[in-house]
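[1] Let's see this in three dimensions:
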Amino acid sequence: MIVNRIVANIATEDPEWARQFYGEILGLKRVMDHGWIVTYAAEGNSAPQISFARQGGGGAPVPDISVEVDDLDMVHKRVLAAGIAVEYGPAEEDWGVGRFFVRDPFGKLVNILAHRR
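    Numbering: from 1, shown residues only. Next up, the predicted model:
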């Protein structure tokens, strides 16, 4: 299992508020905009991203951290084997990701996902 990406998600009433600071001041490129979530990323070989969301999509709460993996089923099995409660999903979302939410040992809501297309 390989972790492909870890994305911080920050809850906000207006994702557009991030545009000036993260887009204009820090120079991150807007790489995704679903209206309820906007993601900024660095260009080039680096992969840092930060998302701003009114909701977590599909009526789910906004997760604190998103971790993209290459084998979602394997991680789900590990979570269940560890006795960790799944708070959302597993779900195949209409925007092309499979995902489920769990809480980490610190109480942070973690979105574990894999892109499907």
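[2] Pretty sure Leu113 sits against Gly96.
    No. Contact between Leu113 and Gly96 fails when scored by CB atoms under 8 Å: they sit 10.0 Å apart. Any C-beta I mention is one placed from the backbone N, CA and C, and that applies to glycine too.
[3] Now do the buried residues in whatever helix or strand Val110 lives in.
    Remark: Val110 resides in strand 109-115, with elements defined by DSSP states H and E. The neighbour-count check on strand 109-115 (16 or more other CB atoms under 10 Å) flags 109-114 as buried.
[4] would you turn these into TSV with distance to Phe101 and pLDDT?
    Formatted as TSV, these follow (distance: CB to CB, whole Å; pLDDT from 0 to 100):
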residue	distance to Phe101	pLDDT
Leu109	6	95
Val110	7	93
Asn111	5	95
Ile112	7	94
Leu113	9	95
Ala114	14	96
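[5] can you redo the residues you listed as TSV with distance to Arg5?
    As requested, the buried residues of strand 109-115 are exported to TSV (distance: CB to CB, whole Å):
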residue	distance to Arg5
Leu109	17
Val110	13
Asn111	11
Ile112	11
Leu113	9
Ala114	11
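[6] Which one of these is nearest to Ala47?
    Set against Ala47, the nearest of the buried residues of strand 109-115 by CB to CB is Leu113 (14.7 Å).
[7] For Glu92, give its distance to Gly58.
    Look at Glu92 and Gly58: by CB to CB, to the nearest Å, they are 10 Å apart.
[8] hang on, I meant Val110
    From Val110 over to Gly58 the distance is 16 Å, taken as CB to CB.
[9] in its sheet, what does the one helix or strand Gly98 maps to sit against?
    Using DSSP H and E, Gly98 falls within strand 97-103. For strand 97-103, the paired strands and their directions (DSSP bridges) are strand 86-92 (antiparallel), strand 109-115 (antiparallel).
[10] So for Met74, which of the ones you listed sits nearest?
    When the strands paired with strand 97-103 are compared by CB to CB, strand 109-115 sits nearest Met74, at 10.0 Å.
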